[in-house]
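> let me see the structure of the following:
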Amino acid sequence: MTEPWPALGAPIAKPLSHLEVRVEANRCLYCYDAPCMRACPTGIDVPRFIGRIASGDLLGSARTIMDANPVGASCARVCPTSELCEGACVFNPDQSPIRIGDLQRYATDWAIQSDAVLFSPGTPTGKRVAVVGAGPAGLAAARDLARLGHTVTIFERDPAPGGLDTYGIVPYRLPAEIALWEAEQVRALGVTFRTGVTVGETLAAAEVLGAHDAVVLAVGMGAVPRLGIPGEDAEGVWDALAFIRAAKSGTFSGSLGDAVAVIGGGNTAIDAATASRRLGASSVTMYYRRGEERMTAYDFEIAFARLEGVEFRTCTLPSRILVENGRVAGLEIVATDPAGTASVLPASERLVRADSVIVAIGQSRHRALLDAFGVSYGPTGIALVDDAMQTNRPGIFAAGDCTFTPGGIDAMVVEAAQRGKVAARGVDAFLHEAA
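Next up is the predicted model:
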């Protein structure tokens, strides 16, 4: 990938100084049955990794983190720690929880900068596993399977691995090189990456099945759905993920204009809005169909967006995009029921300024791929899995975003990694039973 677009600016969170690290690490009480550890979806042994920082054992600290969470460096930057580990810290009632996320970043930054070797592959089993998708869930599954001794090949449609972490989160929150380092840790275990391959299109599902003893589908989600309103094919209407990808990779060459309207209320919408501000839009407004309490964006993300100058209009829906000479010229919006039903209030139409419209109303599902593998899914396209992440097809597992409830709050990077780990254990058990 190229360098991030310069106008997006520096990272929003500065790393702790060495003095701050010593102070924070020595504040930890190393609780028995630590609530912070139980609050982490991947079960990172927080007291252990902090204790190793305090004793100067940064290699041991990084290993403790990355052993539990294969994308622990990314999660140190993007996890909603106030809702997870730090929110469970025994110091939290005093509003002074240990800065666990920052300490995790300190240890993993040390590992990155020192080229530390964290893990080694397991004794070969002779079993071959395909992982479709190189996002957090796919990398987690592949990493653990390689450590168990299985031969793993990852198939990824993008030129580089990392999925959402590499392409879909703005660089001032998560630089691409962090996600790419995590992928290199997986590659170092002997995992083969076949990038630029779209399973189901450039490579048949049957070919993948025929060449492997098990498959993990970790394909994430697809494009942002259409709004279904007049004018959405105009120039200046963006899929939020495509916009963030272009901005992050340095390939954005369009003009946003002065006024940007962002449709949606999740973290992707926040990223699109703040990136628009950093790319020079003087007015950026987010429109959401229900009240702010129903937005799926994290509270700290909403607060950050406000600091960046983003405005919020809730209980509002777009009804029409105005177009002049093929380009966005404005936006018609309507008010919705304040009770949160998203029902449109009659005679509430009004026009607002908009030179660009960025759509962030969720993502579609890869139903065609699931069909190609014969995998059952629910009405919203979620792959149906058991507790081991196995689908209805023996030997085919699924993990990550393709198993998340649309609009749910569980679609976190850390949760995707955990489901990848569970899928790896499920695959290992299946392969041993089939032997």
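> please make it C-alpha for all contacts and neighbour counts, starting now.
Fine.
> residue 267 and residue 260, how far apart?
Relative to residue 260, residue 267 is positioned 17 Å away (CA to CA, to the nearest Å).
> so which of the two has more stuff around it?
Higher neighbour count among residue 267 and residue 260: residue 260, with 28 against 18, using other CA atoms under 10 Å.
> distance from the longest helix along the chain to the middle of the chain?
Counting by DSSP state H, the longest helix found in the chain is helix 413-434. Its chain's C-alpha centre and that of helix 413-434 lie 19 Å apart, by CA atoms, centre = their mean, to the nearest Å.
> for it, buried residues please.
Within helix 413-434, the residues scored as buried using 16 or more other CA atoms under 10 Å are 413-428, 430-431.
> how close does the most far-flung residue of the chain relative to its centre sit to residue 218?
Centroid-distance maximum for the chain: residue 347 at 38.9 Å, with CA atoms, centre = their mean. Distance check for residue 347 against residue 218: by CA to CA, it reads 45 Å.
> helices of the stretch 201-350 of the chain, start to end?
Secondary structure of the stretch 201-350 of the chain (DSSP state H, counting those that start in this stretch): helices at 205-211, 240-249, 267-278, 299-307.
> any idea which of the ones you listed gets closest to residue 375?
Nearest of the helices of the stretch 201-350 of the chain to residue 375, taken as CA to CA: helix 205-211 at 11.5 Å.
> packing partners for that closest one?
When contacts are defined as 3 or more CA pairs under 8 Å, 6 or more residues apart in numbering; DSSP states H and E, helix 205-211 packs onto helix 367-372.
> the next helix or strand after the helix it packs on packs against which elements?
Helices and strands here follow DSSP states H and E; after helix 367-372, the next one along the chain is strand 396-398. Applying 3+ CA pairs under 8 Å, 6+ apart, one finds that strand 396-398 contacts strand 214-217, helix 413-434.
> do that again at 6 Å, thanks
strand 214-217 (3 or more CA pairs under 6 Å, 6 or more residues apart in numbering; DSSP states H and E).
> off-centre distance for the strand it packs on?
20 Å.
> list the buried residues of stretch 389-400.
So stretch 389-400, judged by 16+ other CA under 10 Å, has buried residues 389-392, 395-400.
> quick check: residue 62 touching residue 107?
Yes. If you go by CA atoms under 6 Å, residue 62 and residue 107 touch, sitting 5.3 Å apart.
> which residue ranges of the stretch 51-200 of the chain form strands?
128-132, 151-156, 192-195 (DSSP state E, counting those that start in this stretch).
> got a list of what residue 159 touches?
195-196 (CA atoms under 6 Å, 6 or more residues apart in numbering).
> with residue 223 instead?
Going by CA under 6 Å, 6+ apart, the list of residues near residue 223 reads 363-364.
> can you do 8 Å?
Going by CA atoms under 8 Å, 6 or more residues apart in numbering, residue 223 touches 239, 241, 363-364.
> for those, give me TSV that also has neighbour count and distance to residue 101.
What follows is the contacts of residue 223, written out as TSV (neighbours: other CA atoms under 10 Å; distance: CA to CA, whole Å):
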residue	neighbour count	distance to residue 101
239	20	31
241	25	26
363	19	28
364	17	31
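> of these, closest to residue 173?
Of the contacts of residue 223, the one sitting nearest to residue 173 (CA to CA) turns out to be residue 241, at 15.0 Å.
> residue 353: neighbouring residues, count only.
Applying other CA under 10 Å, we find 18 residues neighbouring residue 353.
> can you verify my assumption that it contacts residue 331?
Yes. At 6.4 Å, residue 353 and residue 331 qualify as touching, with contact defined as CA atoms under 8 Å.
> what residues sit buried inside stretch 146-163?
For stretch 146-163, by 16+ other CA under 10 Å, it's 146-158, 160-163.
> ugh, wrong one, stretch 210-220
Going by 16+ other CA under 10 Å, stretch 210-220 has these buried residues: 212-220.
> same check, this time on stretch 323-340
So for stretch 323-340, counting by 16+ other CA under 10 Å, buried means 323, 327-338.
> and that stretch, how far apart are its ends?
Stretch 323-340 has an end-to-end distance of 30 Å (CA to CA).
> pLDDT averaged over it, what's the number?
In this model, stretch 323-340 has a mean pLDDT of 95.
> just the pLDDT at the closest residue to residue 430 other than its chain neighbours, thanks.
Among residues not flanking residue 430 along the chain, residue 395 sits closest, at 6.8 Å (CA to CA, 6 or more residues apart in numbering). On pLDDT, residue 395 comes in at 97.
> repeat for the one 3 residues further on
Here the pLDDT value assigned to residue 398 is 97.
> for the nearest residue to residue 400 once chain neighbours are set aside, what are its contacts?
Using CA to CA, 6+ apart and skipping the chain neighbours, the partner closest in space to residue 400 is residue 416 (4.3 Å). Residue 416 makes contacts with 136-137, 399-401, as judged by CA under 8 Å, 6+ apart.
> let's have those residues in CSV, adding distance to residue 285.
Output for those, formatted as CSV (distance: CA to CA, whole Å):
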residue, distance to residue 285
136, 30
137, 32
399, 34
400, 30
401, 27
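> where in this structure is pLDDT low?
1-11, 406-411 (pLDDT under 70).
> repeat that for 50
Within the chain, the ranges that satisfy pLDDT under 50 run 1-5.
> sorry, back to before: closest to residue 57 among the buried residues of stretch 210-220?
Using CA to CA, the buried residues of stretch 210-220 come closest to residue 57 at residue 218, 34.0 Å.
> need the phi and psi values for the closest one.
Residue 218 has phi and psi values of phi -130, psi 60 when expressed as degrees, to the nearest 10.
> beta partners for the nearest residue to residue 236 once chain neighbours are set aside?
Once flanking residues are discounted, residue 236 sits nearest to residue 356: 4.7 Å by CA to CA, 6+ apart. Beta-bridge pairing of residue 356 under DSSP bridges involves residue 260.
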